[in-house]
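Chemist: Make a model of this:
(one chain, ligands or ions: 1)
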Amino acid sequence: MSDGLEDVVAAHTVLSEVDGAAGRLVMRGHSLDELAGHTSFEEMAALMLDGFVPDLPAMKELPAALGAARQDLFETVVQKAAVPVTLGPVEMIRAMTALIPDGEDAGTVLRLLAAPAVFTAASLRLRQGLAPVAPDPALSQAADTLRMLTGKAPTKQQAAALDTYLVTVADHGLNASTFASRVVASTRAGLVSAVLAGIGALKGPLHGGAPGPVIEMLDAIGTPANARTWLESALDRGDRLMGFGHRIYRVRDPRADALKGAIRRLGADSGRLALAEAVEQAALAILRERKPNRTLETNVEFYTALLLEALGFTPDSFTCVFALGRTTGWLAHAKEQIAGGRLIRPQSVYVGPQPRQAA
Ligand code: CMC
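Modeler: Below you'll find the predicted structure:
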């Protein structure tokens, strides 16, 4: 038995490789460096799904097909469903996604790729008492996501920064949400069910729910001079520092630097970045002192928080944007599981009492 399934191999995949010792991420034969900052959401989806969805429109037609799917979801779900705005943004997109009919065909794949863009923007606006903004199918998915969020066309730099984020988080081996998606796909329940399992697993603070609390931490710390005292008392309380540590990486998560580069290219608030860098350095030093036997490094969520904040997303919606990027990976893994995998059904060891023998 392995606690938390650590080191257990549960799938062969052609989709991504995470080398935790070298701090290297490969997606479909390309290093993260080759992809992040050079690839759009649409190109990444085409790359990841290549060979798994034969009827998916070719790359040339994919942006328009996704645009049409966004428009369809806006009309059939956002304008029709009465999802309570008292739910959190992740719960709202989960509820809206559940209204998409299940299936395994190319149409379902397109709707699921488009869904988090439309539902995240609509949920955030509805929660602020604003009317949702209809999609513009002529735009790229990244540009349209930002436009549906703010009502204004984003700059090229902003759309490029969001593309960089979405590509960076598209896939990452057998992380918890991808495993959850593969388990559901292995039962042949359908891709909507598989993606809903992914959203459910992603929501937790130990996985995709970490970046929101990173902002709370930065706001509470306030100034670089306050970092060490604040972090020490958080650890004294038994809290974990969000944005640090990883099951696989024993060195710095390569995605952290991909996102830091995107923040710099965006020209975001330099004071905020300086505070984050000071907090990061203090956290790494304290974690090294307190956990000398466990290398705890910066993970993807630390700079995710800064980048998505700079793009105008509220901290409670960061996980929705993560879902927008990771849906590509969930779908590719679900399709790979359906194509070649058996039902996932591990064993457990019963350690409870046995029935008493009849006298
Ligand atoms: N702050 C303080 N201590 C930590 C942290 C942290 N962020 N991460 C791990 N530790 C400690 C933990 O307390 C334990 O100490 P001890 O052995 O003395 O009890 C030791 O390090 C090992 O922890 P673990 O829980 O066995 O490690 P894991 O591989 O199960 O956990 C993790 C990985 C990501 C859940 C964990 O590092 C964590 O909780 N990090 C904070 C949340 C976070 O940033 N999550 C995003 C992960 S990256 C995005 C993704 O891929 O989902």
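Chemist: who's in contact with the residue nearest to the spatial centre of the chain?
Modeler: Of all residues in the chain, the one closest to the mean position by C-alpha atoms, centre = their mean is Phe322, 2.6 Å from it. Applying C-beta atoms under 8 Å, 6 or more residues apart in numbering, we find Phe322 in contact with Val169, Leu202, Gly208, Pro211, Thr304. The way it works is simple: take the backbone N, C-alpha and C, and place the C-beta from them, glycine included.
Chemist: And those, which two are furthest apart?
Modeler: Leu202 and Thr304 (12.4 Å; C-beta to C-beta).
Chemist: the more surrounded of those two?
Modeler: Thr304 (28 against 25; other C-beta atoms under 10 Å).
Chemist: can you give me phi and psi for the more buried one?
Modeler: phi -60, psi -50 (degrees, to the nearest 10).
Chemist: Surely it and Pro213 touch.
Modeler: No - using C-beta atoms under 8 Å as the test, Thr304 is too far from Pro213 to be in contact (11.6 Å).
Chemist: Looking from the ligand, tell me which residue of the stretch 1-150 of the chain is nearest.
Modeler: With C-beta to the nearest ligand atom as the measure, Gly4 is the residue of the stretch 1-150 of the chain nearest to the ligand, at 5.5 Å.
Chemist: correction: the stretch 201-350 of the chain
Modeler: Closest point on the stretch 201-350 of the chain to the ligand, by C-beta to the nearest ligand atom, is Gly245, at 2.2 Å.
Chemist: Let me see the contact set for that residue.
Modeler: Leu287, Leu296, Glu297, Asn299.
Chemist: Without its sequence neighbours, what residue ends up closest to Val133?
Modeler: If the residues on either side of it in the chain are set aside, Val133 comes closest to Met148, at 4.6 Å by C-beta to C-beta, 6 or more residues apart in numbering.
Chemist: wait, the one you found sits on Pro135?
Modeler: Yes - Met148 is within contact range of Pro135, at 6.1 Å (criterion: C-beta under 8 Å).
Chemist: Overlap in contacts, the two.
Modeler: Ala117, Val118.
Chemist: pLDDT weak spots in the stretch 1-150 of the chain?
Modeler: Applying pLDDT under 70 to the stretch 1-150 of the chain picks out no residues at all.
Chemist: And the strands in it, which stretches?
Modeler: 16-19, 24-27, 30-31 (DSSP state E, counting those that start in this stretch).
Chemist: ok so, going back, of the contacts of Phe322, list those near the ligand.
Modeler: Gly208 (C-beta under 6 Å from any ligand atom).
Chemist: got the residues of the stretch 251-359 of the chain near the ligand?
Modeler: Counting by C-beta under 6 Å from any ligand atom, the stretch 251-359 of the chain sits next to the ligand at Lys291, Arg294, Leu296, Asn299, Val300, Glu301.
Chemist: Please spell out the ChimeraX selection for the buried subset of these.
Modeler: Typed into ChimeraX, the line below selects the buried ones among these, using 16 or more other C-beta atoms under 10 Å:
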select :296,299,300,301
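Chemist: Where does confidence bottom out across the residues of the stretch 251-359 of the chain next to the ligand?
Modeler: Scanning these for pLDDT, the smallest score is found at Arg294, 90.
Chemist: any idea which element that residue lies in?
Modeler: Following DSSP states H and E, one finds Arg294 outside all helices and strands.
Chemist: now it: how far from Gly243?
Modeler: 16 Å (C-beta to C-beta, to the nearest Å).
Chemist: Tell me the spacing between the residue nearest to Arg125 when sequence neighbours are not counted and Ala121.
Modeler: Spatial nearest neighbour of Arg125, chain neighbours left out: Pro132 (5.1 Å); criterion: C-beta to C-beta, 6+ apart. As defined by C-beta to C-beta, Pro132 lies at a distance of 7 Å from Ala121.
Chemist: Likewise for Asn226?
Modeler: From Asn226 to Ala121 the distance is 35 Å (C-beta to C-beta).
Chemist: can you check Val214 too?
Modeler: In terms of C-beta to C-beta, Val214 sits 22 Å off from Ala121.
Chemist: and those two? which has more neighbours close in?
Modeler: With neighbours defined as other C-beta under 10 Å, Val214 and Ala121 compare such that Ala121 has more, 28 against 25.
Chemist: Quick one: neighbours of the closest residue to the more buried one other than its chain neighbours, just the number.
Modeler: The shortest distance from Ala121 to any non-neighbouring residue, by C-beta to C-beta, 6+ apart, is to Met148 (3.5 Å). For Met148, the count of nearby residues is 25 (other C-beta under 10 Å).
Chemist: if I look at Met148, how far off is Ala305?
Modeler: 21 Å.
Chemist: and what of Ala197?
Modeler: 25 Å.
Chemist: Of those two, which one has the most company?
Modeler: More crowded of Ala197 and Ala305, by other C-beta under 10 Å: Ala305, with 26 against 22.
Chemist: outside of the helix or strand that one falls within, which residues touch it?
Modeler: Using DSSP H and E, Ala305 sits in helix 300-310. If you take C-beta under 8 Å, 6+ apart as the criterion, helix 300-310 is touched by 161, 165, 168-169, 208, 210-212, 214-215, 218, 242-244, 253, 255-256, 259-260, 262-263, 266, 268-269, 272-273, 276, 280, 315, 317-318, 321-322.
Chemist: Which residue is the nearest non-sequential neighbour of the residue of the stretch 1-150 of the chain closest to the ligand?
Modeler: Among residues not flanking Gly4 along the chain, Arg247 sits closest, at 7.4 Å (C-beta to C-beta, 6+ apart).
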